[in-house]
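In: Sequence and predicted model, in that order:
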Amino acid sequence: MVFEVTPLYALPVAAIYLALWFRVSSVRGTAGVSFGDGGDALLLQRIRQHGNCAEWSAFVLILMMLAEGMGAPALWLHVSGALLLIGRLAHPFGLVPGNAGHPLRYLGNGTNLLAALAAMAAIGARVLGL
């Protein structure tokens with residue numbers, strides 16, 4: 001099976017992941033912290049931005065690969081992938097200190113949840129033979 005849709009979203013999400021990793025590494029170097037956050041608030045923020053990307057991206061991309069491998073309609077995969085990409089672009093800018101209700105954080109989390117649900121619905125439909 002050749003995956004045709006999921007890689008279209010995996011590539012830009014991977015680029016975002018690497019950009020967030022670079023931001024963590026940059027602050028680590030400046031702060032001289034090799035492990036953990038060393039009590040540095042900016043480093044903690046960058047670690048969580050990167051960690052959230054890793055957590056959601058892997059989860060949704062695995063669901064998308066399963067759905068695509070099961071022959072789910074491309075439309076469902078594009079919906080899931082687009083939502084994931086929107087979430088990954090928005091969330092880091094909304095994960096800021098002192099504002100747990102930042103709109104971009106809600107947008108990021110909401111679209112990631114919808115991306116997972118869309119992929120799960122596609123898998124469920126295939127499992128049920130729909």
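Out: Thanks, I have it. Numbers count the residues shown, from 1 in each chain.
In: C-alpha only now, for contacts and for neighbours.
Out: OK.
In: Need the pLDDT of the residue most central in space within the chain.
Out: Nearest to the mean C-alpha position of the chain, counting by Cα atoms, centre = their mean, stands Ser57 at 3.3 Å. pLDDT for Ser57: 97.
In: wouldn't it be in contact with Gly81 here?
Out: No: under the criterion of Cα atoms under 8 Å, Ser57 makes no contact with Gly81, lying 9.9 Å away.
In: what are the ranges of the helices in the chain?
Out: For the chain, applying DSSP state H gives helices covering 6-31, 41-69, 74-94, 103-127.
In: Mind giving me the packing neighbours of the last one?
Out: For helix 103-127, the packing partners by 3 or more Cα pairs under 8 Å, 6 or more residues apart in numbering; DSSP states H and E come out as helix 41-69, helix 74-94.
In: ok, and for the last one, which residues are buried?
Out: For helix 74-94, the neighbour count (16 or more other Cα atoms under 10 Å) marks 76-78, 80-92, 94 as buried.
In: Now do stretch 53-64: everything it contacts.
Out: Applying Cα atoms under 8 Å, 6 or more residues apart in numbering, the contact partners of stretch 53-64 are 6, 10, 13, 17, 77, 80-81, 84, 88, 112, 115-116, 119-120, 123.
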